[in-house]
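Undergrad: Structure for the following, please:
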Amino acid sequence: TCKMAARFLQLPIRSLAAPSRSLHTTVRVLAGETKELKNVKYSITEDGIAVVKLDMQNSKVNTLGVQLSDEMSYLMQKLENDPKVKAAVIMSAKDGDFVAGADINMFTTCKSAAEMSKLSSDAHIMFDYLSKGKPKVAAINGTCLGGGCELALACHYRIATASPKTVLGFPEVMLGILPGAGGTQRLPKLIGLPNALPLMLTGSRIRADKAKKLKLVDQVCDPFALESAALDAARGLASGKLVVDREPKGFVQKLTKKVLEGTAFGRNFVFKKAREGVISKTAGNYPSPLRIIDVLQESLEKGGFDTPAGYAAEAKAFGELGMTPESKALVTIFFGQTNSKKNPFGAPKTSPKTVAVLGAGLMGAGIAQVSVQKGYNVLLKDSDLAGLGRGLGQIEKNLSLDVKKKKMTTFDRDVIMSKVSGLTDASPTWKNQFAKADIVIEAVFENIDLKHKIIKEIEAITPDHCVFASNTSAIPIARLAAASKRPEKFVGMHYFSPVDKMPLLEIITHKGTSPEAAAAAYEIGLRQGKTPIVVKDVPGFFVNRCLGPYSDEGLAVLLDGAAIQDVDKAILKYGFPVGPMALVDEVGMQVAASVGKNLKGDLGVRVSSADPAFMEAVLAKGYQGRKNGKGMYVYPPGKGKKTVNPEVEELLTQFRAGRPTRLVTPEDIQLRMVTRFVNEAALCLQDEIIATPAVGDIGAVFGIGFPPFRGGPFRLIDAMGAQKLVDVMLKYRDALGPQFEPAPILKEYAKSGKKFFA
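TA: Coordinates of the predicted model:
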C-alpha cells in the first residue's frame, strides 16, 4: 500500500443529500390534529424567536430521513403560521453533529431513475419553503455534510462554531451522485462558481474559518456562544437591523467574478479546466463529477442558478446517477464500511487506556500517532535513541502539517505529543511503564526469532490482562503465539502504510485467541479511526494474499514484453490509484520480493508465473525502490518527476531474450492482473479466510485501492458475470499456464448463475 492511494481511499461519509418523501403527507397532518414531534424539539423566546433543535432518536447523529424531514416540515409550517414567531434558529441538540446528511437507505429502495429524481424534487419543495417567509438562522456545531449543508444553505444566515468537530462539505460525489437537495443551485449562487466546483467535485470537507472566507457561513463563534449568537442574528434579521452583504469587496475580487462568472468566455474557461481536472484525476471512470459540471453549465445556460430549470436539471441528474453501476458499487462500499464499525466480538469488559508500541519505525510511529490522536496514552519504545528520535520526529512532523492546515492549534499538537512517552532499552523506567500497558502492539522487523524474543521479554513485564498484538504482514499469528505464555491474549493487528492515511486494519485471530482479546483489538482499531475486518490466520492474511498473485502477474507481464510505464498506465486506467510498478517501489523492492517467497509454500503455482531470478537480479543491484531513490523508477531528489530506471529495462531485455511477446495489450494487462487478484479473493471466501463477500470488497478497496467505483472484487464478479470471468481465465490458462485456473467457487457460480450480492 502507499501514500498515493491514501487520499482516494478516504470515504468517511455517514450519509448524503436528498431528504425523502413529498410534503403532501405533512400538509395533510397539518389539516388534522397536532403532530407528535419525537425528533425535533422547540421553544419560543419571549421576543418571538423560535429555537428548533434537531435530535434524531436512537441515533448518534441527525440524518434527514422520513421521520425527521416530515417533523421538520410540519414544524416549519406551524411556526410560519404562528403570529408570535418572528424568526427561527435551527440547530442540533447533539454534541458534535448538526446534520450528517440524509439516510442512504432511502436510495436503495429506489428501483428507477424516476424514483430517485422524486427524492430530489421532494427535497426541493421542502427547502424552498424553508428559504422563504420568516428569517431562519442555521446554527452549526459539528458535522454538517450533504443534506445538512443543503439545509443550512436554505436558511437566510449561517453561524458555525470554531470547534475542530465542525466541518462542512458535499460528499455526494463519493457515492456516485450529486447534491440533490438544491446544493448545485444554492452553493454556486452563494459562494461563486470557482469556489463551489472544488467542494462538489472532490467531496472535501472544510472547517468554519475556511467556510467564512468562502462566505458559506456568515459568522464563526465559540461553541458555548452559538445559541446566543444565533438568537442575536435572528433578532437582527427580523428587525431589519442585520443586513447581510456577501458581494465581493475588493477590485480584484469584483473583476474576477465579472470575468469568470459574468461572461460566456469566463464560464466556459472555468468549466473546461474543471473537466480537464476531473479526467486527469479519475481517468473518466467516475460519471458523477462530470455530470455535476454538466448540471452547473446547463443551469447557467437556462436562466442561472436557483431557477426552476436549474432544479429540474439537478433532479434529473440525481436520479440518473443513482441508477449507475458506479453509484451502486460506491453505496455498497459505504454500507460495508458502516457494518465494520460494529464490533463483532462485542465490547471488551475493560476498555484499553494505555497502548504500548514496540518499534519506532514508519509503521510503529504511525500506530503510535493514530493511537495518541484518539486519546490513548502511548508508550513508544525503540532499541536506541536514534530510532526513537526518528519515530517521534515523524509524529511531530505529521501533526505540524495538521497545524499548518489549521486542523489543530500548536497547543493541541503539543498536548498530543506530551501523551507519547518515548522509551529505549536504556530508559530506566521503561519496564515500570510497560507494567501499566493494556495492549502492546509490536512493529519490529519481520524476523520470527526476534519477535519470539520480544514476546517473552515483554510478557514477563506486562500485567495478565494485557493483550499482545503483532503487526506482522507475513508470519502466521499462531507461530508467533507459540512463544507466548498467554496465547489467549495474542492477536494480529495488521496495519497498512502509511498508517495515518490508510484506513484498513486486518484483525487476525488464531485458534487460541479469546473473544475478549479480539474485542479489545477491534475496539482500539475503531477508535483509531480504522475500518477493521476479521481475517483467518493464513500466510498473507487476506489483502497480501490477494496482492501476491496480482504482483506476480505484473512481473510476468513485464517479462512477456510489456513496458514498465505501460503496465502502470493500464492499471491506472482501470481505476487503481497507483500502478503496480510504482507500488513495488513504494512498498520497497525487498518487501515486495519477500511477500512472494512467504506465500509460495501456501499458494504454489499461483505466485510462480514470473521468473524469480528477475527480482533477485534487481535486488542484487541494490535497488530498494523509493527508499533509496532507485527501483522500477528513478526518483530524483526533491520533487522531480520519476523516470523509468534504464538499468531495470536492460535487465528486462536480458530476461526476455528468446521469449515471445505474449498478451500484453492494455486490455490484456488489465485482465491478466485483475483476474488473478479476483480469483484469489474468491478462493479466500471459499476457504473461509474472510467471512463474507462484503468483507472481501472492503479489504480490497481500503487495503490496496481496488477501484471503488467497481465495488471490490466480488461486486466486480457480479457485474462482469461469473461465467464471463471464468471464460476469460480459461483463455489465459490455456495460453499462459495453470496460475489462471478459476477457483471452484467461481465455476460453481458460473454454472448456477448465482451472484454474491442479491
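
Undergrad: so who does residue 377 touch?
TA: Counting by Cβ atoms under 8 Å, 6 or more residues apart in numbering, residue 377 touches 353-355, 419, 421. Quick note: C-beta positions are derived from backbone N, CA and C, even for glycine.

Undergrad: Give me the buried entries from these.
TA: 354-355, 421 (16 or more other Cβ atoms under 10 Å).

Undergrad: What ranges does the stretch 551-700 of the chain have for its helices?
TA: 564-574, 580-587, 589-603, 612-620, 646-656, 666-686, 693-704 (DSSP state H, counting those that start in this stretch).

Undergrad: so which of those helices comes closest to residue 548?
TA: helix 589-603 (4.3 Å; Cβ to Cβ).

Undergrad: roughly how far is the closest one from the heart of the chain?
TA: Centre-to-centre, helix 589-603 and its host chain are 28 Å apart (Cα atoms, centre = their mean, to the nearest Å).

Undergrad: Endpoint to endpoint, stretch 239-251 covers what distance?
TA: Distance across stretch 239-251, first residue to last, is 32 Å (Cα to Cα, to the nearest Å).

Undergrad: Now it: buried residues?
TA: residue 242.

Undergrad: ditto for stretch 331-345
TA: 331-334, 336-337, 340, 343, 345.

Undergrad: Can you tell me which of these is nearest residue 565?
TA: residue 333 (29.5 Å).

Undergrad: That closest one belongs to a strand, doesn't it?
TA: No - per DSSP: H, G, I helix; E, B strand; the rest coil, residue 333 lies outside any strand segment and is helix.

Undergrad: That one contacts residue 709, correct?
TA: No - contact criterion Cβ atoms under 8 Å: residue 333 and residue 709 do not qualify, at 9.3 Å.

Undergrad: Please convert the buried residues of stretch 331-345 to CSV, extending it with distance to residue 63 and pLDDT.
TA: Listed next are the buried residues of stretch 331-345 as CSV, based on distance: Cβ to Cβ, whole Å; pLDDT from 0 to 100:
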residue, distance to residue 63, pLDDT
331, 15, 94
332, 19, 92
333, 18, 94
334, 13, 92
336, 18, 92
337, 16, 92
340, 19, 94
343, 22, 96
345, 27, 96
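
Undergrad: and of the residues you listed, the nearest to residue 215?
TA: residue 334 (30.5 Å).

Undergrad: Please report the distance of that closest one from residue 725.
TA: Residue 334 is 25 Å from residue 725, where distance means Cβ to Cβ, to the nearest Å.

Undergrad: Any regions of the stretch 501-650 of the chain where pLDDT drops low?
TA: Across the stretch 501-650 of the chain, nothing is flagged by pLDDT under 70.

Undergrad: re the thing from before, okay, the contacts of residue 377 in a markdown table with secondary structure and pLDDT next?
TA: Listed next are those as a markdown table, based on DSSP: H, G, I helix; E, B strand; the rest coil; pLDDT from 0 to 100:
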| residue | secondary structure | pLDDT |
| --- | --- | --- |
| 353 | coil | 96 |
| 354 | strand | 97 |
| 355 | strand | 98 |
| 419 | coil | 96 |
| 421 | strand | 97 |
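
Undergrad: which one of these sits closest to residue 260?
TA: Nearest to residue 260 among the contacts of residue 377, with distances taken as Cβ to Cβ, is residue 419, at 46.7 Å.

Undergrad: Hmm, that closest one is touching residue 378, no?
TA: Yes - the pair residue 419 / residue 378 is scored as a contact, 6.2 Å apart, by Cβ under 8 Å.

Undergrad: wait, what's in contact with the nearest residue to residue 548 once chain neighbours are set aside?
TA: Leaving aside its sequence neighbours, residue 548 sits nearest to residue 599 (Cβ to Cβ, 6 or more residues apart in numbering; 4.3 Å). Residue 599 sits next to 539-540, 544-545, 548, 607 when contact means Cβ under 8 Å, 6+ apart.

Undergrad: switch to 7 Å and redo it
TA: 539-540, 545, 548, 607 (Cβ atoms under 7 Å, 6 or more residues apart in numbering).

Undergrad: And for residue 459?
TA: Going by Cβ under 7 Å, 6+ apart, residue 459 touches 468, 484-486.

Undergrad: which other helices and strands contact the helix or strand encompassing residue 386?
TA: Secondary structure from DSSP states H and E places residue 386 in helix 385-404. On a contact count with 3 or more Cβ pairs under 7 Å, 6 or more residues apart in numbering; DSSP states H and E, helix 385-404 meets helix 362-372, strand 377-382, helix 410-418, strand 420-424.

Undergrad: Go through the ones you listed and name the closest to residue 91.
TA: Once these are compared by Cβ to Cβ, helix 410-418 is nearest, at 25.2 Å.

Undergrad: what are the phi and psi values for residue 54?
TA: phi -80, psi 130 (degrees, to the nearest 10).

Undergrad: And for the one 3 residues further on?
TA: The phi/psi pair for residue 57 (degrees, to the nearest 10) reads phi -70, psi 150.

Undergrad: Burial check on residue 529, number of neighbours?
TA: 14 (other Cβ atoms under 10 Å).

Undergrad: Figure out the helix or strand that it lives in.
TA: Counting by DSSP H and E, residue 529 is part of no helix or strand.

Undergrad: can you pull the contacts of it?
TA: So residue 529 contacts 370, 374 (Cβ under 7 Å, 6+ apart).

Undergrad: again, 8 Å this time
TA: Contacts of residue 529 by Cβ under 8 Å, 6+ apart are 370, 374, 503.

Undergrad: now do residue 193
TA: Contacts of residue 193 (Cβ under 8 Å, 6+ apart): 260-261, 267, 270, 296.

Undergrad: Tell me the secondary structure at residue 533.
TA: Assignment for residue 533 (three-state DSSP): strand.

Undergrad: right, and it touches residue 337 too?
TA: No - counting by Cβ under 8 Å, residue 533 stays clear of residue 337, with 10.2 Å between them.

Undergrad: Just the buried residues out of the contacts of residue 529, in ChimeraX syntax.
TA: Of those, the buried ones can be selected in ChimeraX as follows, counting by 16+ other Cβ under 10 Å:
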select :370,503
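
Undergrad: out of the contacts of residue 529, which one sits closest to residue 116?
TA: For these, the nearest to residue 116 is residue 503 (28.1 Å; Cβ to Cβ).

Undergrad: Sort out which of the contacts of residue 193 are in helices and list them.
TA: 260-261, 267, 270, 296 (DSSP state H).

Undergrad: any idea which of those residues has the most stuff around it?
TA: Going by other Cβ under 10 Å, residue 296 tops the ones in helices among the contacts of residue 193 with 27 neighbours.

Undergrad: Go through the helices of the stretch 551-700 of the chain and pick out the most buried.
TA: Per-stretch averages of neighbours, counted by mean count of other Cβ atoms under 10 Å, single out helix 693-704 among the helices of the stretch 551-700 of the chain, with a mean of 27.

Undergrad: now that helix against helix 666-686, angle please.
TA: 130 degrees (axes from the mean of the first three to the mean of the last three Cα atoms, to 10 degrees).

Undergrad: Can you list the buried residues in the next helix or strand after helix 693-704?
TA: Using DSSP H and E, the helix or strand that follows helix 693-704 towards the C-terminus is helix 713-720. Neighbour-count burial for helix 713-720, counted by 16+ other Cβ under 10 Å, picks out 713-719.

Undergrad: can you check stretch 291-310 too?
TA: So for stretch 291-310, counting by 16+ other Cβ under 10 Å, buried means 291-300, 305-306, 309-310.

Undergrad: coming back round to it: export the buried ones among the contacts of residue 377 as JSON lines, with columns for distance to residue 208.
TA: What follows is these, written out as JSON lines (distance: Cβ to Cβ, whole Å):
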{"residue": "354", "distance to residue 208": "33"}
{"residue": "355", "distance to residue 208": "31"}
{"residue": "421", "distance to residue 208": "34"}
